[in-house]
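Participant: Below are the sequence and a predicted model; questions follow.
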Amino acid sequence: MKKLIALALSLVMVLAVSNAFALTVGFSQIGQESDWRTANTDDILAAVAAEGWDMVYDDAQQKQENQVKALRNFISQGVDYILFTGVVTTGWDEVLKEVNEAEIPLLLLDRIPDCIDDIEYVAAFGGDFVEEGRRMAYWTENYLQSIGRGEEEINIVMLEGTTGSDAATGRTNGILEVLPQYPHLKLVAQQTGNFTRAEGQAVMESFLKSQEKIDVLLAQNDDMALGAVDAIKAAGKVPGKDIIIVGCDSVKAAFDAIVAGDINATIECTPLYSAFVIPMIKELEAGAEINRTVVHPAEQAFDTDGGIVYNEAGDLSIKAADVIAERKY
Amino acid sequence: MKRRESIFKSKLIWAIIAEILILLVCLLMRPDFFKIEYQPQTHMWYGSLIDIINRSAEITIIAMGMTLVIATGGTDLSVGALVAVAGALALKLLRWDVTVYNTPGDYTVQPFILVLFVPMLVCLAMGMFNGVLIAKFKMQPIIATLVLMVAGRGIAQIATNGKQFTTLYAPFRFIGQGSLLALPMPIIISAVAVLGVSLFTRLTSYGMFIESVGINRNASRVSGIKSDTIILIAYALTGFLSGVAGLIYASRISSCDSNNAGLNYELDAILAVVIGGTNMSGGKFSLAGTVVGSIIIRTITTFVYYFGIVSESIMAFKALIIAVVIVLQSEPVRKWMSSRKNTGADRIGGGVHA
């Protein structure tokens, strides 16, 4: 009996010790504000679990002070890696320097804090917002050519994201960079829709009244595009036909709308970072030295029929109906 | 003479003048701002002025309750969060089956009657919760309603598991996107709400009691008015109306949005009440003024969208106009104006009850 207890005890100890040697990853996430964010979180959590590593996950519920607290907890718990998405861009200097002092490798996800030049980090993973903007414009031009409207005067309206956010600024810059290359594309109105359906709808409603003729709507995220669809219908026009609609992000609801014919295309901004994050952690474990790398995940464009060139490299868009079944978010 | 003096001392008149001034600027910039035409495809009147009234519906409805709350000397910060709660519950009931991610569905899982009434009743209960904290536990209204302002969005997130459901169920979409008498439904619903609250305060003695409680709660109680009940009713009604506004918001976008639905509505609703001439310290109130206040707020927003004010300056622009409106209504300015109109007749009169 004693032997059995001793055996059991030693087993427990071995397990405990092996557990202590398992990698611990701390992940400070903003909160769950959208399907995109949910997919982003689920992807990382599932991938870390699949590796058998321990995960300390903190949902900050959109509050910076919660994130600062979480990061300090990670330091005191002595986690091996910190994954971090900041709810705002400013105010991280102090706590991120504490992370540096504790010599915990820091991986920035999705959002880049503005103190990035003053801190040490392994890598920053995020969408290339400027490129996404360029792609929205390229897709529009190539699609217009494919339907024989390549020479026609085209009036474009743009729904911008939250003023001052990285995504909105980047996408606006990308779009404004490409549009002048095609003189027949004319941007006639632009306004912020705050990345929300309700405001996208209200702004589109006003565009439809203040503009004589609208041919194309560039919405900097899918939610605003979806909101605008109803405004266009209320104006007695047919979305997707009378007005060509291009969204961004590629959330599931946009795929549904493309299949239904309401939206023409959506440029992807993938939330799935685990495919890049996990290999990088493994490399670091193997002793690789990685510093200040910027990683943009591979992204595509989806539309009604596919086959439209959406970037300078000449990649072709994918037919949304073909991939909708495997879309999770 | 006396009548003219009282007109220019009325805050309602100044609110209406402010609205006319803004519209006049619109008229000068783009006469077609006022174009209204019948849209045969959607069987609705269509134009920017319709948009203004249509999109002001949520704030108008909430502000009806807020006017009464402010008249009791309180305030309700939870209305925006309740808008999110109502939307989340409605979409949860519509899309009970969705566990993973959203796909639009043109059906409802739970009976439609539940989709309509559960959100409104839950919001009514939450309004009563506010009312009980304030009336029975004598908590400060700002603190008491802060509880649900913070917790409400959390409840909405939990109800939908942090997801945004989309619905194509026609009866539900009708609330925010349909039409009756060739007018958008939200206009009809807000008209009913305004009429309902007006009749409730005019035909019963409730309106008078509210003013009495707002001016002096203890004196009212001593003179036999059930102050606690009066206050409780005001908050419960505001909660209920927030629920109605939440259904309209969710129906407009055929979806729920726990983060953004009703965001900052509490501030807009309070602003509408204040622009309308109801004093924050309680007492006399003006429902008509609140309606004008709500329309002014929406006119500014529509103006910004229509004339393409650059997004960076929207906030500053709105603040500027609102500041002008409120200064126009301030006591010294109104006195000065009315004394100019009636030289030598600057008698001190009470605030006019419009």
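Facilitator: Yep, that arrived. Residues are numbered from 1 along each chain as shown, chains lettered A, B, ... in the order given.
Participant: and the end-to-end length of stretch A:266-284?
Facilitator: Using Cα to Cα, to the nearest Å, the span of stretch A:266-284 from its first residue to its last is 35 Å.
Participant: Surely B:Ser227 and B:Lys138 touch.
Facilitator: No. Using Cβ atoms under 8 Å, B:Ser227 is not in contact with B:Lys138, being 10.9 Å away. For every residue, glycine as well, the C-beta is placed using N, CA and C.
Participant: And the two? Which one has more around it.
Facilitator: Neighbours were counted for B:Ser227 and for B:Lys138 using other Cβ atoms under 10 Å in any protein chain shown; B:Ser227 has more, 22 against 10.
Participant: Apart from its chain neighbours, what residue comes closest to that one?
Facilitator: Leaving aside its chain neighbours, B:Ser227 sits nearest to B:Arg221 (4.5 Å; criterion: Cβ to Cβ, 6 or more residues apart in numbering or on different chains).
Participant: What is the neighbour count of that neighbour?
Facilitator: When counting by other Cβ under 10 Å, one arrives at 15 neighbours for B:Arg221.
Participant: B:Cys26 now?
Facilitator: Using other Cβ under 10 Å, B:Cys26 has 20 neighbouring residues.
Participant: mind checking which helix or strand it is in?
Facilitator: helix B:11-29 (DSSP states H and E).
Participant: so, in contact with chain A or not, that helix?
Facilitator: No. Residues of helix B:11-29 are not located near chain A by Cβ under 8 Å from any Cβ of the partner chain, the shortest gap being 10.4 Å.
Participant: quick check: mean pLDDT across that helix?
Facilitator: The pLDDT scores in helix B:11-29 average 86.
Participant: Count the residues that sit near B:Leu24.
Facilitator: With neighbours defined by other Cβ under 10 Å, the count for B:Leu24 comes to 10.
Participant: Tell me which residues touch A:Ala320, please.
Facilitator: Contact partners of A:Ala320, counting by Cβ atoms under 8 Å, 6 or more residues apart in numbering or on different chains, are A:Phe255, A:Ile258, A:Val259, A:Thr266, A:Phe302, A:Asp303, A:Thr304, A:Gly306.
Participant: Okay, strands next: where are they in the stretch 51-200 of chain B?
Facilitator: B:179-180, B:183-184 (DSSP state E, counting those that start in this stretch).
Participant: Check these for me: which has the lowest mean pLDDT.
Facilitator: Here the lowest mean pLDDT among these goes to strand B:179-180, at a mean of 88.
Participant: Give me the contacts around that one.
Facilitator: Identification of contacts with strand B:179-180 by Cβ under 8 Å, 6+ apart yields B:Thr42, B:His43, B:Met44, B:Met185, B:Ile188.
Participant: I'd like those laid out as TSV, including distance to chain A, pLDDT and neighbour count.
Facilitator: Output for the contacts of strand B:179-180, formatted as TSV (distance: Cβ to the nearest Cβ, whole Å; pLDDT from 0 to 100; neighbours: other Cβ atoms under 10 Å in any protein chain shown):
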residue	distance to chain A	pLDDT	neighbour count
B:Thr42	6	78	17
B:His43	10	82	12
B:Met44	7	86	24
B:Met185	12	93	22
B:Ile188	15	95	15
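Participant: Narrow these to those in helices?
Facilitator: B:Met185, B:Ile188 (DSSP state H).
Participant: So which of the contacts of strand B:179-180 is the closest to B:Phe303?
Facilitator: B:Met44 (21.9 Å; Cβ to Cβ).
Participant: roughly how far apart are the closest one and A:Ala321?
Facilitator: Between B:Met44 and A:Ala321 the computed distance is 33 Å (Cβ to Cβ, to the nearest Å).
Participant: Show me where chain A dips below the pLDDT cut-off.
Facilitator: Residue ranges of chain A with pLDDT under 70: A:1-21, A:33.
Participant: Do you have the strands of it handy? List them.
Facilitator: Secondary structure of chain A by DSSP state E: the strands cover A:24-29, A:54-59, A:81-84, A:106-109, A:123-125, A:154-160, A:185-192, A:216-219, A:244-249, A:265-268, A:293-295, A:301-303, A:318-319.
Participant: List of residues touching the third one?
Facilitator: Meaning strand A:81-84. Here strand A:81-84 makes contact (Cβ under 8 Å, 6+ apart) with A:23-28, A:44, A:67, A:71, A:74, A:96, A:99, A:104-109, A:277, A:281, A:284.
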